[in-house]
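Peer 1: would you be able to build a 3D model of this:
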Amino acid sequence: MNPCPCMSLGKGVKILAIVDAVLSVLNVGTLILALVGLLAWHEELELEKQTKTIAIAAIVIGMILCILEALLAVKLYRGAKDNDHRSCRFWLLVTIVLTVITVISLIVNSTSGDFHGASFGVSVVALGYKAYEIFVVYTFMGVLANQGGVGSPSV
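Peer 2: Numbers count the residues shown, from 1 in each chain. Sure, this is the predicted structure:
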């Protein structure tokens, strides 16, 4: 079954990898703006030094994760382009770990009341997209395994 309508599975994986890379780069840009804003207007925000330090650390960690996700997207794109089972498997494993962390964070933040406005809905939509992406890559890996792609397990 091909979960990518109107295109081959390999092309669908490549498109999803490109979307991931673009979204990750946009997120890095957004986080850079948040960091600049925090540093430029910290007095107007009336943040305590400890709160400001925690916010800066959270932004930097978020930027690192977004950069890693962009690099993972490149690895996934190359894996789809070269039919490399190992590259796709690496992407799949790391993405599942990151998605589980995101789900835990979503649960903790929603039960503590830290979500405001549409942020909960956006997070749920992003998780739905990630689940679809994981399904597509998993299906593509199954096709590669059946075809004997690079790094596929021997049957």
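
Peer 1: CA only for contacts and neighbour counts going forward, please
Peer 2: Noted.

Peer 1: after the lengthiest helix in the chain comes which helix or strand?
Peer 2: Ranked by residue count, the top helix of the chain under DSSP state H comes out as helix 49-82. Using DSSP states H and E, the helix or strand that follows helix 49-82 in sequence is helix 85-112.

Peer 1: could you name the helices and strands sitting against the helix or strand of the chain with the lowest mean pLDDT?
Peer 2: Lowest on mean pLDDT, DSSP states H and E among the helices and strands of the chain sits helix 42-45, with a mean of 76. Under the contact criterion of 3 or more Cα pairs under 8 Å, 6 or more residues apart in numbering; DSSP states H and E, helix 42-45 touches no helix or strand at all.

Peer 1: rewinding a little: the longest helix of the chain vs helix 85-112, what angle?
Peer 2: 150 degrees (axes from the mean of the first three to the mean of the last three Cα atoms, to 10 degrees).

Peer 1: residues of helix 49-82 that come out buried?
Peer 2: Residues of helix 49-82 classed as buried by neighbour count (16 or more other Cα atoms under 10 Å): 52, 55-56, 59-60, 62-63, 65-67, 69-80.
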